[in-house]
Every structure is written in C-alpha cells, then in structure tokens.
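Here is a sequence together with a model predicted from it:
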Amino acid sequence: MGNLIINGASVPNIPWEDRPASSNPKKEIMWRYSKNPVIPRDLTLYSNSIFNSAVVPFNGEFAGVFRCDDTSRHMDINAGRSKDGINWVIDDHPVKFIKTDPQLPDSEYKYDPRVVFIEDRYYIIWCNGYNGPCLGMAYTHDFEKFYQMENPLMPYNRNGVLFPRKIGGNYAMYHRPSDAGHTAFGDIWYSQSPNLVYWGKHRHVMSPNAGWQSTKIGAGPCPIETTEGWLVFYHGVLTSCNGFVYSFGAALTDIDEPWKVIARARPYIINPREIYEVTGDVPNVTFPVAALADKDTGRIAIYYGCADTTTGLVFGYIDEIVAWVKANKM
C-alpha cells in the first residue's frame with residue numbers, strides 16, 4: 001500500500017477474488033465478482049427483489065440489513081448474516097423496530113439502508129416514509145433487536161450516510177435533499193450533530209457534473225478514512241433517451257472538513273454493463289451501498305444494487321483507487 005494508511009478495522013476474511021486476467025487495470029480500477037449477482041432476488045420467502053443493501057463485519061463473520069421489496073412491492077428492511085460475505089441467510093420477515101420513544105411515527109416504507117459501527121453499536125440509516133421520503137435511523141448491538149430513533153432530517157431527503165467516527169466533536173453525515181418523486185436533481189450535503197438527534201451546520205459538498213453524473217449524485221457506502229482524506233464512493237445519474245442511468249465513482253474529501261473536496265474523479269468506476277445490471281425491475285442501475293475494507297491488505301469489497309433487483313460485488317485496492325482518483329480528478 002505504499003505510504004497510504006487506512007484508519008479502520010482488520011478484516012482478514014474479507015470476501016475476495018483476484019483480478020481476472022481479462023480485466024485491464026488501466027481501464028478498470030475495480031473488477032466484478034465472477035459469480036455476480038452475489039445475492040439473488042428471491043433469497044427470502046417473500047422477496048420480489050433484494051438490492052441496495054448494507055453489510056458490516058460482525059463477530060468474525062458478517063451481518064447486514066437488506067432492502068427486500070416483497071411480492072406486493074412493499075419496500076422494507078430485513079436482517080441477514082453470513083460466514084463469508086458471499087453466502088447469505090436473510091430473514092423472511094422485515095425487522096420489527098423497537099421505538100425508543102412511543103410517540104415516534106410509524107414508517108410507511110423503508111429502503112436503501114446503510115450501516116456503520118460507531119463507538120459501541122451499529123447504526124442503521126435509511127430512506128424512511130413519513131409524509132414523503134426522509135431519513136430514518138436506528139441502532140443495534142446484535143442484529144437481533146433494532147431500536148428506532150428520531151428521524152434525523154425532515155422530508156424530503158435520501159442517501160443518508162453516517163461517518164464512522166465523530167469529527168470536530170460531532171457526529172457527521174452526508175445526505176441528499178430531494179423531492180417526493182423520482183428526483184431529477186440532487187447534490188451531496190454534509191451535516192453535524194452533537195447527539196444524533198439535532199442536526200445542523202449544513203455544508204454543501206458537491207453537485208452533479210458532466211457525463212455520467214450530470215443529473216444527480218448521492219453518497220454511497222460510509223466514507224473510508226485514509227491518510228489522503230476520506231475516500232467517498234457515490235452514485236451519479238445521467239438522463240438518457242431511455243431514462244436514468246446509474247453509475248458510481250469516487251472522490252477524496254478533507255479529513256477535518258469533509259465538505260471540502262480534495263479530488264473527484266471524472267470517469268466512473270462501474271456503470272451498467274452486465275446483463276444483471278442492465279436488465280431488471282429498473283434497468284441500467286449500479287448503486288453502491290456498502291464497503292468492506294481491510295486496513296492490513298488494503299483490499300476493498302463493495303456491495304451494490306443491480307437494476308433494483310439483485311446485489312452485486314466488486315473488488316479493488318484502496319491505494320490504487322486513491323491514486324486513480326487523484327490522477328483523474330476534474
């Protein structure tokens with residue numbers, strides 16, 4: 001990894017597959033798992049699709065929360081576990097959240113969760129239905145019992161992503177203000193909170209740009225701390241003659257002021273190309289949501305939604321990605 005240092009956990013059993021001989025490192029900075037999709041659409045008894053889901057290391061294995069749209073097309077979150085990050089057992093029924101306040105409003109739906117370990121527990125954040133899409137938040141210690149907290153931001157908002165530690169004494173989050181529908185716009189914003197309830201000090205991070213990210217952008221997996229800055233994966237959308245096309249790329253932001261962008265790559269990393277990415281309930285979607293990173297080897301594995309139907313996996317090395325972002329910055 002050279003001089004790059006990753007401030008994170010050791011994940012010696014990170015799911016991994018070496019770069020295939022057919023993958024040109026000058027063209028592809030990351031490569032797909034040869035057995036994608038890693039999670040099929042019908043892994044649970046009632047699921048129509050399983051995608052845009054979040055995974056973390058847990059007790060030497062892996063656990064996560066998964067967007068499972070059922071066969072009535074209701075959107076909800078199910079918990080799951082895996083010994084190797086490849087073969088998953090996902091609960092047939094959605095998580096039954098325990099309200100930390102009995103006056104918390106019920107959710108009309110839940111989708112696109114992220115999960116991150118902060119201090120002594122795992123926090124889950126998702127797009128929550130409460131008079132329109134807003135952000136919902138909960139925590140768990142064991143992926144058995146989940147405790148729902150106050151919604152951090154009011155409608156309309158999507159793509160909430162918590163940082164893995166406090167910054168300047170406050171909890172921190174990227175998010176994307178939106179609207180009630182299939183938003184045709186969207187910038188990434190940064191907000192802070194002393195207690196995960198009251199959020200403020202809002203700062204603009206970055207806007208859509210030309211090409212694959214010209215319509216809207218949104219944060220993907222939780223940022224990864226390195227000595228070069230926060231490595232941020234995000235999705236970008238362009239509007240084609242056939243509708244939206246979702247790809248994902250990467251940027252580096254300042255460690256102490258993460259609303260300041262150090263470098264942002266102009267090319268995408270992954271775009272819809274394989275049959276499971278271009279064909280599904282929503283064609284032409286590659287949507288990154290979770291990243292496993294091993295600080296010792298610099299390996300990274302990203303779980304991403306494929307055509308809003310299944311879940312895929314891509315691999316890479318963090319030092320190579322950081323160098324690529326800096327070499328290809330806008």
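Now that the structure is in, tell me what you want to look at.

wait, doesn't residue 264 sit right on residue 329?
Yes: using CB atoms under 8 Å, residue 264 is in contact with residue 329, at 5.9 Å. Glycine gets a C-beta too; all of them are placed from N, C-alpha and C.

Are we agreed that residue 324 is in a helix?
Yes: applying DSSP: H, G, I helix; E, B strand; the rest coil, one finds residue 324 inside a helix.

What values do phi and psi take at residue 275?
Residue 275 adopts backbone torsions of phi -60, psi -40, taken as degrees, to the nearest 10.

can you count the residues close to it?
Residue 275: 10 surrounding residues under other CB atoms under 10 Å.

Could you measure from it over to residue 244?
Shown here: residue 275 relative to residue 244, a distance of 19 Å by CB to CB, to the nearest Å.

Likewise for residue 256?
Separation of residue 256 from residue 244 (CB to CB): 35 Å.

Give me the more crowded residue out of the two.
A count of neighbours by other CB under 10 Å puts residue 244 above the other of residue 256 and residue 244, at 17 against 9.

Leaving out the residues flanking it, which one is nearest to the more buried one?
Here the nearest residue to residue 244 in space, its sequence neighbours aside, is residue 237; by CB to CB, 6 or more residues apart in numbering that works out to 5.1 Å.

What is the neighbour count of the one you found?
The burial count for residue 237: 25, using other CB under 10 Å.

Residue ranges in this structure under the pLDDT threshold?
1-2 (pLDDT under 70).

where's the residue nearest to the spatial centre of it, which helix or strand?
For the chain, the residue nearest the mean C-alpha position is residue 289 (2.0 Å; CA atoms, centre = their mean). Here residue 289 sits within strand 286-293, counting by DSSP states H and E.

same for that strand, what does it pack against?
Judged by 3 or more CB pairs under 8 Å, 6 or more residues apart in numbering; DSSP states H and E, strand 286-293 is in contact with strand 47-58, strand 110-118, strand 229-240, strand 243-253, strand 299-306.

got the angle for that strand vs strand 243-253?
Relative orientation of strand 286-293 versus strand 243-253 (axes from the mean of the first three to the mean of the last three CA atoms, to 10 degrees): 30 degrees.

Buried residues, strand 286-293. List them.
Under the neighbour-count criterion of 16 or more other CB atoms under 10 Å, strand 286-293 has 286, 287, 288, 289, 290, 291, 292, 293 buried.

Tell me which strands it pairs with, and in which orientation.
Neighbouring strands of strand 286-293 in its sheet, by DSSP bridges, are strand 299-306 (antiparallel).

just the strands in the stretch 151-300 of the chain please.
For the stretch 151-300 of the chain, the strands defined by DSSP state E, counting those that start in this stretch occupy 157-162, 171-177, 188-193, 200-206, 216-219, 224-226, 229-240, 243-253, 261-264, 286-293, 299-306.

I misspoke; the intended subject was the stretch 1-150 of the chain.
Under DSSP E, counting those that start in this stretch, the stretch 1-150 of the chain gives strands at 31-32, 47-58, 61-70, 75-82, 88-90, 98-99, 110-118, 121-129, 133-140, 146-148.

Check whether residue 139 really touches residue 124, as I assumed.
Yes: between residue 139 and residue 124 a contact is recorded at 7.0 Å, counting by CB under 8 Å.

more neighbours, the two?
More neighbours surround residue 124 than the other of residue 139 and residue 124, with 28 against 18 (other CB under 10 Å).

Which residues are in contact with the more buried one?
54, 65, 77, 113, 114, 115, 137, 138, 139, 140, 146 (CB atoms under 8 Å, 6 or more residues apart in numbering).

now do residue 284
Applying CB under 8 Å, 6+ apart to residue 284 gives the contacts 240, 242, 243, 244, 245, 246, 272, 277, 278, 307.

hey, what's the fourth one bridged with?
In this structure, residue 244 has beta-bridge partners residue 239, where bridges are defined by DSSP bridges.

how far away is it from residue 125?
23 Å.

again with the first one
As judged by CB to CB, residue 240 and residue 125 stand 30 Å apart.

The fifth one too?
According to CB to CB, residue 245 stands 26 Å off from residue 125.

Neighbour count for these two, which is higher?
The neighbour comparison of residue 245 against residue 125 (other CB under 10 Å) goes to residue 125, with 28 against 20.

you'd agree the more buried one is up against residue 135?
Yes: if you go by CB under 8 Å, residue 125 and residue 135 touch, sitting 6.0 Å apart.

Can you work out which residues contact both of these two?
By CB under 8 Å, 6+ apart, the residues touching both residue 125 and residue 135 are 152, 160.

buried ones in stretch 231-247?
Buried residues in stretch 231-247, counted by 16+ other CB under 10 Å: 231, 232, 233, 234, 235, 236, 237, 238, 244, 245, 246, 247.

So what would you say the end-to-end distance of that stretch is?
The first and last residues of stretch 231-247 sit 17 Å apart, counting by CA to CA, to the nearest Å.
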